[in-house]
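> I would like to see how this sequence folds:
(chains A and B)
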Amino acid sequence: SQQGEEDPQALSIQEGENATMNCSYKTSINNLQWYRQNSGRGLVHLILIRSNEREKHSGRLRVTLDTSKKSSSLLITASRAADTASYFCATDGAYNTDKLIFGTGTRLQVFP
Amino acid sequence: GAGVSQSPRYKVAKRGQDVALRCDPISGHVSLFWYQQALGQGPEFLTYFQNEAQLDKSGLPSDRFFAERPEGSVSTLKIQRTQQEDSAVYLCASRPWGEDQPQHFGDGTRLSIL
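Sure thing, here's the model as predicted:
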């Protein structure tokens, strides 16, 4: 079963705009990760945020984590057509740091 | 360097046939994971190996699913007496030893059961 929900399910924007995706999860965690998946390909790791962190940056990516609300957001700034993909959040369990539990994903379409 | 390699990329089988899916992890990666991804959904955990030991198989949907990693490197996911609901993409991931290491995914095997 999925860990939680992501919203929106789909997002369409123009190049240069910012894209924000949200993720909610259900259980306690050690960390939360964001992955990108291009059509027909595997998942690519983007960024990991630990449960004791509130915000993290990597290039054009900004991730926030609110453990009290069991939610996270991924912001992609100055989007490019190459950012078109599905984006998934994934959590480990606080007592099981091995398997990942994925959300339902956000399909991002960036138009040139 | 070489990433996680999965074969075949596509597999079509008739209902009732047995299939075997192969995963070559990144060299030196201790952990290996199998996930099942239905169309339009996120991946769902199937099973996990640390070296040759299968530490968690709680996600395997039935006893028709079997995974092995006999030498702690290559892994095979076998599905016996396939059913139409087994149609999905099967993803393999490997991870190096250490805290907060990300999983590295292969491109998956798309399995279609007719």
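> how about the residues of chain B near chain A?
Taking Cβ under 8 Å from any Cβ of the partner chain as the measure of proximity, chain B contacts chain A at B:4, B:31, B:33, B:35, B:40-45, B:48, B:50, B:55-56, B:59, B:91, B:93, B:100, B:102-108. Quick note: C-beta positions are derived from backbone N, CA and C, even for glycine.
> Need the residue in chain B that's farthest from the chain's center.
For chain B, the largest distance from the centre (Cα atoms, centre = their mean) belongs to residue B:99, which lies 22.5 Å off.
> and that residue, what element?
Using DSSP states H and E, residue B:99 sits in no helix or strand.
> and it, what are its phi and psi?
Backbone torsions of residue B:99, given as degrees, to the nearest 10, read phi -70, psi 140.
> how far does the worst-scoring helix or strand of chain A on mean pLDDT sit from the chain's center?
The helix or strand of chain A with the poorest confidence is strand A:96-102; it has a mean of 82 (mean pLDDT, DSSP states H and E). Distance, stretch centre to chain centre, for strand A:96-102: 15 Å (Cα atoms, centre = their mean, to the nearest Å).
> now chain A, which segments are flagged as low pLDDT?
By pLDDT under 70, the low-scoring segments of chain A are A:1-4, A:93-97.
> swap the cut-off to 90 and go again
The model of chain A has pLDDT under 90 over residues A:1-7, A:26-30, A:92-99.
> Then chain B?
Along chain B, segments meeting pLDDT under 90 span B:1-2, B:98-101.
> Would you map the strands across it?
Assigned by DSSP state E, chain B shows strands spanning B:5-7, B:10-13, B:19-24, B:31-37, B:44-50, B:53-56, B:65-68, B:75-79, B:88-95, B:104-105, B:109-113.
> could you dump the ones you listed to JSON lines with mean neighbour count?
Shown next, in JSON lines, are these (neighbours: other Cβ atoms under 10 Å in any protein chain shown):
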{"stretch": "strand B:5-7", "mean neighbour count": "17"}
{"stretch": "strand B:10-13", "mean neighbour count": "14"}
{"stretch": "strand B:19-24", "mean neighbour count": "19"}
{"stretch": "strand B:31-37", "mean neighbour count": "24"}
{"stretch": "strand B:44-50", "mean neighbour count": "22"}
{"stretch": "strand B:53-56", "mean neighbour count": "14"}
{"stretch": "strand B:65-68", "mean neighbour count": "18"}
{"stretch": "strand B:75-79", "mean neighbour count": "20"}
{"stretch": "strand B:88-95", "mean neighbour count": "24"}
{"stretch": "strand B:104-105", "mean neighbour count": "22"}
{"stretch": "strand B:109-113", "mean neighbour count": "18"}
